[in-house]
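Asker: Sequence plus the predicted model coming up.
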Amino acid sequence: MRNYIDLTDIVYIATAQDEEIKRSRLKEKDVLLTITGSYGKSAVVPRSLIDANINQHSVKITLKENINPYFLSTFLNSKYGKFQSDKNIVGITRPALDYEAIKNFIIPNAPKKFQSHIETIILESEKTNIQSQQLYRQAEELLLENIGLKNFKPSQENKNIKTLKESFLKTARLDAEYYQPKYEEIITKVKEKKFELLGNLVKIEKSIEPGSDAYSEDGVPFVRVSDYNKFGILKPEKCLSQIFCKENKSLIEKLYPKKETILFSKDGSVGIAYMLLNDIEAVTSGAILHLIVKNKKVILPEYLTLVLNSQIIQQQAERDAGGSVIAHWLVNEIQKAVIPLIDHKIQTEIADLVNKSFALRQESEKLLEQAEKSVEEKIENSKQF
């Protein structure tokens, strides 16, 4: 959440629970600030989230009339806002922003005209981001339509009857959840048309897990599962120290992912796929696999990435990685994931929609950066601040 609220993992609560935590209900143009995890990120509440609730990981800020909420959220996301967040962190293993300290944050009293200018930039960014989301949804709908899953609703039945030969002797799994009908149904549906196993379509490369001793505040960015999503890589919270990188120079350089490599998580939040738009000088954790398409004439990386993030693969990941406290999808199981293959012309249409979506998303991000930079320059160039 950096001047944008991600609704990917939104959940719903009962009316009774909503009444119990009514103090957390949101109003339009409240300002939210994260206080745990990726703390210090801020966004303005849009009209669509009026009366929604927030959990303990964020706080809401209700403003007086003399400050623009878009200006405030942009300031909090800027280096000067982040500095104040960093300065007021408590805890070591699970750092969190001191709730009471937020009240004492110093906020610049910028001219109203300038604050309105920042609002205009942020709203343009939001508009561009919405256009990006619309194109991405079009790509998802085109995918589902062409594999016969557009109106597919998995079974809610939670029991299945299997013989020993059909279950344990075939899969080596005894956990009942693995055999839920919904998993079989989606795979059966995909197999009604042309398909291939993931291992036959990509080369799978592994990264490393250097250990916390190799971490540093600067050096080579170290991308963990929490540092990326299907839309891109966030700024990694950890780096590999210069000493570690120097001692392992040849290995580190080999681990730099190339353009069109698909990052795919196998541990923790399994099944997150993101295709790199450019080569990057960063190292990913051992929990992230590098998938490299063998033949683009068979399957395009953009199309495959969309499939990997769809319910088709998410259901297979949920089935295979279940049965343990921390989800872990074995590489040999990932290789057996069923991938639908559609006409290459349709794949190209999907890839075009995805690429246009990502281009708009990048444009939206640049606008946010422009707004933050404007606030920082205003502070640096004004005697008032």
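Answerer: Perfect, thanks for sending it.
Asker: how many neighbours does Asn151 have?
Answerer: By the criterion of other Cβ atoms under 10 Å, Asn151 has 7 neighbours. (Each C-beta comes from the backbone N, C-alpha and C, glycine too.)
Asker: Assumed it was part of a strand.
Answerer: No. Read with DSSP: H, G, I helix; E, B strand; the rest coil, Asn151 is coil and lies in no strand.
Asker: Could you measure from it over to Leu144?
Answerer: With the distance defined as Cβ to Cβ, to the nearest Å, Asn151 ends up 8 Å from Leu144.
Asker: Please apply the same query to Ser382.
Answerer: 52 Å.
Asker: Counting neighbours, go ahead and name the busier of the two.
Answerer: Counted by other Cβ under 10 Å, Ser382 and Leu144 do not tie: Leu144 has more neighbours, with 17 against 13.
Asker: Is it correct that that one is in contact with Arg137?
Answerer: No. Assessed by Cβ atoms under 8 Å, Leu144 is found out of contact with Arg137, at 10.5 Å.
Asker: Dead centre of this structure: give me the residue that sits there.
Answerer: Centroid check for the chain by Cα atoms, centre = their mean gives Asn229 as the closest residue, at 2.5 Å.
Asker: partners of it in the sheet?
Answerer: Counting by DSSP bridges, Asn229 is bridged to Gly232.
Asker: swap in the one 10 residues further on?
Answerer: The bridge-partner assignment for Cys239, based on DSSP bridges, gives Ser216, Pro221.
Asker: Could you tell me which residues make contact with it?
Answerer: Tyr215, Ser216, Glu217, Asp218, Gly219, Val220, Pro221, Phe222 (Cβ atoms under 8 Å, 6 or more residues apart in numbering).
Asker: Swap in 10 Å and give it another go.
Answerer: Contacts of Cys239 were listed using Cβ atoms under 10 Å, 6 or more residues apart in numbering, and they are Ala214, Tyr215, Ser216, Glu217, Asp218, Gly219, Val220, Pro221, Phe222, Cys245, Ala282, Val283.
Asker: List the contacts of the first one.
Answerer: Going back to what we said before, that points to Ala214. Going by Cβ under 10 Å, 6+ apart, the list of residues near Ala214 reads 208, 220, 222, 238-241, 243-245, 247-248, 283.
Asker: Can you select the buried ones from those in ChimeraX?
Answerer: Those of those that count as buried under 16 or more other Cβ atoms under 10 Å are selected in ChimeraX with:
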select :208,220,222,238,239,240,241,244,245,248,283
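Asker: which one of the contacts of Ala214 sits closest to Leu330?
Answerer: Nearest to Leu330 among those: Ile208, at 18.2 Å, using Cβ to Cβ.
Asker: Mean pLDDT per helix and strand in the protein: which one sits at the bottom?
Answerer: helix 168-171 (a mean of 53; mean pLDDT, DSSP states H and E).
Asker: which element follows it toward the C-terminus?
Answerer: Using DSSP states H and E, the helix or strand that follows helix 168-171 in sequence is helix 181-190.
Asker: which secondary structure elements does that next one contact?
Answerer: The helices and strands touching helix 181-190, judged by 3 or more Cβ pairs under 10 Å, 6 or more residues apart in numbering; DSSP states H and E, are helix 311-321, strand 338-340.
Asker: can I get those in TSV with mean neighbour count?
Answerer: Formatted as TSV, the helices and strands packed on helix 181-190 follow (neighbours: other Cβ atoms under 10 Å):
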stretch	mean neighbour count
helix 311-321	21
strand 338-340	21
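Asker: Go through those and name the closest to Val331.
Answerer: With Cβ to Cβ, the closest approach to Val331 among the helices and strands packed on helix 181-190 belongs to helix 311-321: 10.9 Å.
Asker: Where does pLDDT dip in the stretch 51-200 of the chain?
Answerer: 155-179, 181 (pLDDT under 70).
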